[in-house]
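*Asks:* Pasting the sequence and the predicted coordinates here, then a few questions.
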Amino acid sequence: GLSDPECAAFPYVSLTALSTLRSTGISLQNPHSAHTRSVLVLGGCGGVGAAAVQLLAHLGAKKVTVADQPAAIDATRELFSHVPEIDFVNVNEIDFSTISMDVVLDCAAKGAIDEEKMLAAVAEGGSFATVNGGLIRSTDEQGPLVGMAMATAELMRKKAELLAS
């Protein structure tokens, strides 16, 4: 069974995982959206990562690779025992330049892995999504009010650059 705090967190991590998957084109409304996809879930043994792996298994993803710390993998391996197409990888031993995945989900702790490295693992035409975007980073560093303003300004700057090019 789950503890009270785990039960309280379950909807949050599940909805965050669903939203993150949706941003890559994988959705519950289109169950076949995952069938041909290989997915690397960084931080796949944490709350959001584990929820993403469960959703990917439900949707029938072609291959799911969970990358995390060895202790986390050992603690959660049984949770994923029903997913035959899952691989576990020590996140410290990945050479991101040698792998090519259709989808890379960053569910790892903020700043745990360099974003440039993660992007190198995305196949041509693939997708990358993170739960550690600018808004979360800014609010963690500056507090909610200032952080949200800073993240909004950064998004507006990026959009202006895209429109200008």
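*Replies:* In hand now; what should we look at?
*Asks:* contacting residues for the most centrally placed residue in the chain?
*Replies:* In the chain, the centroid-proximal residue (CA atoms, centre = their mean) is Leu105; its distance is 2.9 Å. By CB atoms under 8 Å, 6 or more residues apart in numbering, Leu105 lies in contact with 20-21, 24, 39-42, 49, 52, 129-131. Backbone N, C-alpha and C define where each C-beta goes, glycine included.
*Asks:* Mind doing that once more with 10 Å?
*Replies:* Residues near Leu105 by CB atoms under 10 Å, 6 or more residues apart in numbering: 17, 20-21, 23-24, 26, 39-44, 48-49, 52-53, 56, 64, 67, 118, 127-131.
*Asks:* Spatially nearest residue to it, not counting backbone neighbours?
*Replies:* Counting by CB to CB, 6 or more residues apart in numbering, Val41 is the residue found nearest to Leu105 once chain neighbours are left out, at 4.9 Å.
*Asks:* what's the helix or strand hosting that neighbour packed up against?
*Replies:* If you go by DSSP states H and E, Val41 is part of strand 38-42. Applying 3 or more CB pairs under 10 Å, 6 or more residues apart in numbering; DSSP states H and E, one finds that strand 38-42 makes contact with helix 4-22, helix 47-59, strand 63-68, strand 86-90, strand 101-106, helix 115-120, strand 122-130.
*Asks:* and with 7 Å instead?
*Replies:* When contacts are defined as 3 or more CB pairs under 7 Å, 6 or more residues apart in numbering; DSSP states H and E, strand 38-42 packs onto helix 47-59, strand 63-68, strand 101-106.
*Asks:* of all those, which lies closest to Thr76?
*Replies:* Set against Thr76 and scored by CB to CB, those come closest in helix 47-59, at 6.4 Å.
*Asks:* Identify all contacting residues around the closest one.
*Replies:* With CB atoms under 7 Å, 6 or more residues apart in numbering as the test, helix 47-59 has contacts from 9, 13-14, 16-18, 20-21, 26, 31, 34, 39, 41, 43-44, 64, 66, 76, 79-80, 83, 105, 107, 131.
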